[in-house]
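Visitor: Build me a structure from this.
(chains A and B)
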Amino acid sequence: MPPVALALSLAAYVIGIEQTEQSRWVAPPEQMRIALPAELQVFMALGDRYLAANLEVFRALVLSIDKTDPVSLKVLAEVQKGASRLNPAHEDNYYIGQAILPWMGFVEPTQFIQSRASDARPWDFLPGFFHAFNRYYFENRPQEASNILLGVADRLPDNSGVLEIAAKWQEKGEDPHTALAVIRSMLQGTHDAKLKAALQKRIDRLEGVIALREAATRYESRTGRRLKHLSELVVSGEMKALPHDPTGLGYALNEQGVPVLYFPPKKQIGER
Amino acid sequence: MKQAFLIALLSGLRSRVFQSLFAAGLLAMGAAYLAGGFSPRQPGTVTLDVGLSMIRAVTLVLVLYWAYELIGKEIERRTIYVSLTYPVTRGQFLLGRYFGILALTALAVTLLGLMLAAVVWLSGLTYEQTNPLSLKWPYVLTLLALLLDLAVVAGFGFLVASVSVTPFVPLAAGLAFAISARSLGPALEYLSGMSPAQAELQATMTPVFEWLRWILPDLSRLDIRYYPLYAYQPDLGMLAGSALMALGYTGMLLALAVMFFNRRQFN
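Guide: Here you go, the predicted structure:
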């Protein structure tokens, strides 16, 4: 009897393998669709909040830093906010947050993460700097940005340059060159290939807006007219083609006819 | 009591648990090292962080296993009759075994702690991070606080074992207790930080947790790994209060365990 059972089992096993070979399982496109409440994660991590925070950051790193669709990004923002609630001092969490989120319109979650990281890491200049930079560049409040920056300046051994930056921000207003400098230095500060690729996309996006602004300035000085539509730059021959934004969001014109980064309306991306 | 202590210690050392622990430790530390590889900015910190999580999980299971092995199993196999014929009181027997397990746990924490320190040192070789870790006193203090956490859990395991008729109950109840007590801090934080939209839930849950706070010790307070990880010094008052809370709670658990064990009838 046992040899028969063995033979039958072996046959079932072989047929099973054959069958799985034939109908190959196709992995669905990886997307982050769910953000569980951070506190539930603690329970699932055997009551270990640091482990729960690490798992959330790994999830963010593996699944979604290269995604550009609004749903994945919204979940990423929630996951990263959750990680920040569990362990606000997590260095990767604030760094990834800054690298990915504000450039795609998620400024509020980024600021939540940065201000908590800045408080939890009283020796670390970087989260305070990011907090200030976002206030200056994305929220367009240079005075407050300078104050935040000056508040964390003493975390650097030599802070003479910080005062200079604070003054420059007040004077210049929103400037993509400043943003480009920040994101380029972030690129140098990491060895992670995936994060580097995501940062490179944001660099290309910023270089696109800089090219558009240069072309718009030339257009204005040549024709004496303000730009009404980005396509006029191509029609008039200032540019051969509009720059490609690898994040897929693209560019727009502000009320003054100046090219800016386009962010989807908040309701559309479901931000609170 | 000394005899019961030595029996617990020696039987723990003689069993193959330490070989298994070494193997589990190697696996856990390997996982911590790989987890560090995920980190774009702070591989050493993540290795230490995940490694500490591993140590907490492994030693939690271990301490409850020993509570089962040295009390529950003796009752199950009825060898407890022999153990109780020694000229010691039941209380001395129980406390001796408890401190024996605590000594074994201290050894296990030391062994795993040393392995983790080595792995963190290894992970630091490939990438020099901006914020250096502290593997000296802050690390030792973190492991000591973990030992205190485990002492509470072991106390709970003993209390359950002293009344339980099923040997595996202390293991399951101990796990549930430890996870709940370790999650209490984040749960309280969550409750206090709820948005106005959740005011109703907050109003219902707050009295429950206010009550629970006195029944369960907040073991998350004894997780002070932010000290070696981020050089963020814990508040001394908080640390002293948490240690006192843990010692007081363990004292109550053991006193109750001895009381129940004294009255227990072994048929």
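
Visitor: for chain B, what are the nearby residues on chain A?
Guide: Applying Cβ under 8 Å from any Cβ of the partner chain, we find that chain A lies next to chain B at A:37-39, A:42-43, A:45-51, A:54, A:57-58, A:61-62, A:85-87, A:89, A:91-92, A:95-96, A:120-124, A:189-192, A:195. C-beta coordinates here come from the backbone N, C-alpha and C atoms, glycine included.

Visitor: Please list only the buried members of those residues.
Guide: Buried members of the residues of chain A next to chain B, counted by 16 or more other Cβ atoms under 10 Å in any protein chain shown: A:38-39, A:42-43, A:45-51, A:54, A:57-58, A:61, A:85-87, A:89, A:91-92, A:95-96, A:120-121, A:124, A:190, A:192, A:195.

Visitor: Disregarding flanking residues, what is the spatial nearest neighbour of residue 212?
Guide: Picked chain A for this. Closest residue in space to A:Leu212, ignoring its immediate chain neighbours: A:Pro259 at 3.7 Å, by Cβ to Cβ, 6 or more residues apart in numbering or on different chains.

Visitor: Chain B was what I was after
Guide: B:Leu184 (7.1 Å).

Visitor: any low-confidence regions in the stretch 101-250 of chain A?
Guide: Counting by pLDDT under 70, the ranges of the stretch 101-250 of chain A that qualify are A:170-173.

Visitor: Not counting whichever strand or helix holds A:Tyr95 itself, show me its contacts.
Guide: Using DSSP states H and E, A:Tyr95 falls within helix A:91-100. With Cβ atoms under 8 Å, 6 or more residues apart in numbering or on different chains as the test, helix A:91-100 has contacts from A:53, A:56-57, A:60-61, A:65, A:73, A:76, A:80, A:83-84, A:87, A:109-110, A:113-114, A:117, A:121, A:124, A:126-127, A:130, A:134, A:183, A:186, A:189-190, A:195, A:198-199, A:202, B:39-42, B:45-46, B:131.

Visitor: So what would you say the end-to-end distance of stretch A:249-265 is?
Guide: Taking Cα to Cα, to the nearest Å, stretch A:249-265 runs 11 Å from one end to the other.

Visitor: Would you mind listing the buried residues in it?
Guide: Buried, per 16+ other Cβ under 10 Å, within stretch A:249-265: A:249-251, A:253, A:258-263.

Visitor: Could you find the closest non-adjacent residue to A:Arg226?
Guide: Among residues not flanking A:Arg226 along the chain, A:Gly257 sits closest, at 3.8 Å (Cβ to Cβ, 6+ apart).

Visitor: Next, count neighbours for the residue in chain B positioned nearest to chain A.
Guide: Chain A sits closest to B:Arg182 of chain B, with a gap of 2.8 Å, by Cβ to the nearest Cβ. Neighbour count for B:Arg182, taken as other Cβ atoms under 10 Å in any protein chain shown: 28.

Visitor: tell me the contacts of it?
Guide: By Cβ under 8 Å, 6+ apart, the residues touching B:Arg182 are A:46-48, B:149, B:219-220, B:223.

Visitor: so which strand or helix has it?
Guide: helix B:169-192.

Visitor: what pLDDT, on average, does that helix get?
Guide: Averaging pLDDT along helix B:169-192 yields 87.

Visitor: Distance from the chain centre to it, please.
Guide: The chain centre lies 12 Å from the centre of helix B:169-192; the measure is Cα atoms, centre = their mean, to the nearest Å.

Visitor: next one: stretch A:95-103
Guide: 3 Å.

Visitor: and if you look at stretch B:162-179?
Guide: 14 Å.

Visitor: Could you pull out the buried residues of that stretch?
Guide: B:162, B:164, B:167, B:169-171, B:173-175, B:177-179.

Visitor: Could you check how many residues crowd around A:Glu164?
Guide: Counted with other Cβ under 10 Å, the neighbours of A:Glu164 add up to 10.

Visitor: hang on, the earlier thing: filtering the buried residues of stretch B:162-179 by proximity to chain A, which remain?
Guide: Contacts with chain A within the buried residues of stretch B:162-179, counted by Cβ under 8 Å from any Cβ: B:178-179.

Visitor: TSV for the buried residues of stretch A:249-265, including distance to B:Gly12 and secondary structure?
Guide: As requested, these are exported to TSV (distance: Cβ to Cβ, whole Å; DSSP: H, G, I helix; E, B strand; the rest coil):
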residue	distance to B:Gly12	secondary structure
A:Leu249	61	coil
A:Gly250	66	coil
A:Tyr251	68	strand
A:Leu253	74	strand
A:Val258	73	coil
A:Pro259	71	strand
A:Val260	68	strand
A:Leu261	63	strand
A:Tyr262	65	coil
A:Phe263	61	coil
